[in-house]
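> Mind folding the following:
(4 chains)
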Number of protein chains: 2
Amino acid sequence: MRVVNLPASASAGRPHGTRVRGTRQAEAVAAVLDRLPGFCSAQQIHAELRERGEQVGLTTVYRHLQVLSETGRVDAIRDSSGEILYRRCQTDTHHHHLTCRNCGRSVEVEGKAVERWADEVAQQAGFSEVGHTVELFGLCPDCGQLPPR
Amino acid sequence: MRVVNLPASASAGRPHGTRVRGTRQAEAVAAVLDRLPGFCSAQQIHAELRERGEQVGLTTVYRHLQVLSETGRVDAIRDSSGEILYRRCQTDTHHHHLTCRNCGRSVEVEGKAVERWADEVAQQAGFSEVGHTVELFGLCPDCGQLPPR
DNA sequence: ATATCTGCAAAGACTTTGCAACCTT
DNA sequence: AAGGTTGCAAAGTCTTTGCAGATAT
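Numbers count the residues shown, from 1 in each chain, chains lettered A, B, ... in the order given. Have a look, this model is predicted:
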């Protein structure tokens, strides 16, 4: 079992005095992310890069996405098939997603109420350093018209 | 996902030769699901079965869960690590879990506030048939004492 | 010059499928 | 006996890691 639920604070601390380097690949990945409207998988992004003539290894794509997501510069969620989907953050505050389980379209939503609730509940139970996972799924206005399943 | 504390098995030993619906394996999987409080992965369920002395192949566990989920008798969601988690449908008491990321201990918490928030947010966005995934992680009172990291 | 970054190949983790033997009905 | 069920082994997917060579600063 892969353990992934680290606290948001568990950042990719870099060794002393180092800094992220700008490479052609890093740039290419960022560029593709910038012009993608919705959530895309690493594989889709990789394919898109190839199509644009950029030579970037799949491994590298994964690595950049991982870092970008850890540092909060892109959102990452799982779709129902288990793939991780990435998208450039559109707001810089903490938020959650309401995703259509049919077409994948998603909306960012604020979660003040949830944050408050989480903190409150945690305090009551005596827990500390509490983080949360909150995702909403439903049928978007378009897909909601169609008969379910 | 970390392992959630499974209650010690107090299986009412099923006398051999008891007639069960379907097969021994189907019954065993259903039994484990029935007494699990929260979401569990197929692999956790399989491990729990072994612990109870039930010989059920992992493949079979997956197949039963798949069917149960397709027929709507259990809920299935993906956790952040990509595993599918299953839970017996609980029409009455819907709750969430606050789990210690150090020792795995977990507490059930009510989520009225979250439900309301989810419904409200969904409605505003025009989404229908909205479900949610909410899990809280933190350090329990005991583990919180220890110096972090 | 050298700490990073790349990317191929291989490993890992979870889930699904092929198929012969087994068990219910 | 017939047909669904089981489970080992192997295949499939997506993602991560080992490592040697390439690269940015």
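> Give the residue spans of chain A that score low on pLDDT.
Low-confidence regions of chain A, defined by pLDDT under 70, span residues A:1-21, A:37, A:89-93, A:101-104, A:145-149.
> give me the beta-bridge partners of residue A:136?
With DSSP bridges applied, residue A:136 shows beta-bridge pairing to residue A:98, residue B:132.
> from chain A, which residue is nearest to DNA strand D?
Scanning chain A for the residue nearest DNA strand D gives residue A:84, at 3.4 Å (criterion: CB to the nearest atom of the strand). Yep, even glycine has a C-beta here, placed from its N, CA and C like the rest.
> what about that residue, how many residues close to it?
Neighbourhood size, residue A:84 [other CB atoms under 10 Å in any protein chain shown]: 20.
> I'd assumed residue A:39 was in contact with it.
No: taking CB atoms under 8 Å as the definition, residue A:84 is not a contact partner of residue A:39, at 9.3 Å.
> residues shared between the contacts of those two?
Common contacts of residue A:84 and residue A:39 (CB atoms under 8 Å, 6 or more residues apart in numbering or on different chains): residue A:77.
> that older thread, in contact with the residue of chain A closest to DNA strand D, which residues?
Applying CB under 8 Å, 6+ apart, we find residue A:84 in contact with A:41, A:42, A:65, A:76, A:77, A:78, B:82.
> Go again with 7 Å.
A:41, A:42, A:76, A:78 (CB atoms under 7 Å, 6 or more residues apart in numbering or on different chains).
> If you rank the residues you listed by neighbours, which is first?
Of all those, residue A:42 has the most neighbours under the rule other CB under 10 Å, reaching 21 neighbours.
> That one is in contact with residue A:61, isn't it?
Yes: with contact defined as CB atoms under 7 Å, residue A:42 and residue A:61 form a contacting pair (5.3 Å).
> where's the most centrally placed residue in chain A, which helix or strand?
By CA atoms, centre = their mean, chain A has its centre lying nearest to residue A:76, at 1.3 Å. Per DSSP states H and E, residue A:76 falls inside strand A:74-78.
> Measure how far the helix or strand following that strand is from the centre of its chain, please.
As assigned by DSSP H and E, the chain's next helix or strand after strand A:74-78 is strand A:84-88. In terms of CA atoms, centre = their mean, to the nearest Å, the centre of strand A:84-88 is set 4 Å apart from its chain centre.
> Next, the buried residues of strand A:84-88.
For strand A:84-88, a neighbour-count test (16 or more other CB atoms under 10 Å in any protein chain shown) marks A:84, A:85, A:86, A:87, A:88 as buried.
> what's the closest non-adjacent residue to the fourth one?
Nearest non-adjacent residue to residue A:87, counting by CB to CB, 6 or more residues apart in numbering or on different chains: residue A:39, 4.6 Å away.
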